[in-house]
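**Q** Generate a structure from the sequence data that follows.
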Amino acid sequence: MPPSNPDSLPLNIMQFARILRRAGLPIGPGKVITALEALQVIDIAKRADVYWALHSVFVKRHAHSELFCLAFDRFFIPPDYIGPGESFGEHTAKPKTAPEEKPDPRRLDEAFGPSPIHDTAADETPDTDEQITALSWSAAEQLRAQDFETMSAEEWTEAKRLIANLRLPIPEVLTRRFRRAPTGPRIDMRATLRAMVRTGGFIELQRKARVRRHPPLVVLCDISGSMAAYSRMLLHFLHAITNDRDRVHTFLFGTRLTNVTRHMAHRDPDEAVSKVSAAVQDWSGGTRIGATLANFNRLWSRRVLGQGAVVLLITDGLDRDAGKGVSEQMRRLHHSCRRLIWLNPLLRFEGFEPKSAGIKAMLPHVDDFRPVHNLDSLADLVAALDEHNTARNLAA
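**A** Numbering: from 1, shown residues only. As a prediction, the model looks like this:
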């Protein structure tokens, strides 16, 4: 649908905006008007100018950039007309700054499909409550088992809602601090003397016990191109954790390390993810695991790994440096924390084998190695941590 006819341009832009909105981009009528105004000041015969004009209006998050690029190439089919300069008739490569991430085409297929209409058969209400329950349970089961990479826009939204309710049951640990306790193992002399003053010399021993609190949780999440389909969903999981407990530190890494703890503290998950997208500069690039872990161990380990921190390492282990320095840095990280849990989406494959140099170097230094590719895998992680917590309490 090339914009060669000026009269059809507004309708084309409205239709394009409608497709983007159905694919999951937050686009309202105001942005459509702004897009039409932007096209008035450029040469619409130049494909690159049209691309970036619409991109600047419709795309406000990094995660939506590649989805917009694919939709643009599919919607604005180059016509036979060739205008001056770089026209729609010329095939132009994707901008260099566009990420290499490839969103699931199912979202675009549904967006370019016919508009949702009410089907008579779909509107029929089941005869019994049991049928309604069975249908809801079946849909929920399929969603929980579905890979994040193959979810549609609607399923993606529902998955984010379910993820917001997940909680990590990391057990509390003893600290060096004490507080008043009726049956504490130690005598609180200061509280006892204050009680003697109030009672005129009558001695009533006051007791104290160690304070228990959750250890810090440190998350190192890979945002390279091979992890793109999972890191976006996992950011919502990390946001839910951050707003559920204190002392959660989140770091993202690809070719460099970025501390996004402050951004993840926002109550609104969309605002938090938006701020994270603006702060990170190496989305969907390569992965330098050894270098980024060395940077973390040198600059951040003493600040955030105190008091028995638990570390969640989320990566597929595919390293562009062929595992250089990974083993040494993983060993140091493992010795600096209470527990190191590695979440790897490649474990979703039944025939997975640790063949890459990065994975081989990392495996000997982790306490738990688990998959992370759908809602069930996140629920299994929660259950495993809960079982570990119960076992520790029984042993104590």
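**Q** what about Phe369, which helix or strand?
**A** Secondary structure from DSSP states H and E places Phe369 in strand 368-370.
**Q** what helices or strands is that strand leaning on?
**A** strand 339-343, helix 375-395 (3 or more C-beta pairs under 8 Å, 6 or more residues apart in numbering; DSSP states H and E). (C-beta placed from N, C-alpha, C; glycine too.)
**Q** did I read that right, Lys355 in a strand?
**A** No. Judged by DSSP: H, G, I helix; E, B strand; the rest coil, Lys355 forms no part of a strand; its state is coil.
**Q** Neighbours of it, how many?
**A** 7 (other C-beta atoms under 10 Å).
**Q** What distance do you get for it to Ala384?
**A** 25 Å (C-beta to C-beta, to the nearest Å).
**Q** just Gln307 next, same as before
**A** Distance, Gln307 to Ala384, by C-beta to C-beta: 22 Å.
**Q** do Arg232 as well
**A** Distance of Arg232 to Ala384, computed by C-beta to C-beta: 24 Å.
**Q** out of those two, which sits in the busier spot?
**A** For Arg232 versus Ala384, neighbours defined as other C-beta under 10 Å are more numerous around Arg232 (22 against 14).
**Q** Return the residues in contact with Asp147.
**A** Asp147 is in contact with Arg348, His373, Asn374, counting by C-beta atoms under 8 Å, 6 or more residues apart in numbering.
**Q** Let me have these in JSON lines, adding neighbour count, distance to Ala195 and pLDDT as columns.
**A** Output for the contacts of Asp147, formatted as JSON lines (neighbours: other C-beta atoms under 10 Å; distance: C-beta to C-beta, whole Å; pLDDT from 0 to 100):
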{"residue": "Arg348", "neighbour count": "16", "distance to Ala195": "60", "pLDDT": "83"}
{"residue": "His373", "neighbour count": "22", "distance to Ala195": "58", "pLDDT": "81"}
{"residue": "Asn374", "neighbour count": "23", "distance to Ala195": "57", "pLDDT": "83"}
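**Q** ends of stretch 259-276, how far apart?
**A** End-to-end span of stretch 259-276 (C-alpha to C-alpha, to the nearest Å): 9 Å.
**Q** so how far is that stretch off the chain centroid?
**A** Once both centres are worked out by C-alpha atoms, centre = their mean, to the nearest Å, stretch 259-276 turns out to sit 11 Å from its chain's centre.
**Q** Where does pLDDT dip in this protein?
**A** Counting by pLDDT under 70, the chain contains low-confidence residues at 1-7, 63, 78-111, 113-142, 149, 152, 166-176, 385-396.
**Q** What ranges does it have for its strands?
**A** 173-180, 186-187, 207-213, 217-222, 248-253, 257-259, 310-314, 339-343, 368-370 (DSSP state E).
**Q** With mean neighbour count added, can I get the ones you listed in CSV?
**A** Below are these laid out as CSV (neighbours: other C-beta atoms under 10 Å):
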stretch, mean neighbour count
strand 173-180, 12
strand 186-187, 12
strand 207-213, 15
strand 217-222, 24
strand 248-253, 23
strand 257-259, 18
strand 310-314, 24
strand 339-343, 22
strand 368-370, 15
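**Q** Determine which of those strands approaches Glu271 most closely.
**A** Among these, strand 248-253 comes nearest to Glu271, with 15.2 Å by C-beta to C-beta.
**Q** name the helices or strands packed onto the closest one?
**A** Strand 248-253 packs on strand 217-222, helix 228-242, strand 257-259, helix 261-264, helix 289-299, going by 3+ C-beta pairs under 8 Å, 6+ apart.
**Q** To Thr157, which of these lies closest?
**A** With respect to Thr157, and counting by C-beta to C-beta, the nearest of the helices and strands packed on strand 248-253 is helix 228-242 at 10.5 Å.
**Q** so how far is the closest one off the chain centroid?
**A** Put simply, helix 228-242 sits 2 Å off its chain's centre (C-alpha atoms, centre = their mean).
**Q** helices or strands next to it in the packing?
**A** helix 153-163, strand 217-222, strand 248-253, helix 261-264, helix 269-279, strand 310-314.
**Q** which helices and strands sit right next to the fourth one?
**A** Pointing back at helix 261-264 there. Using 3+ C-beta pairs under 8 Å, 6+ apart, helix 261-264 is in contact with helix 228-242, strand 248-253, helix 269-279.
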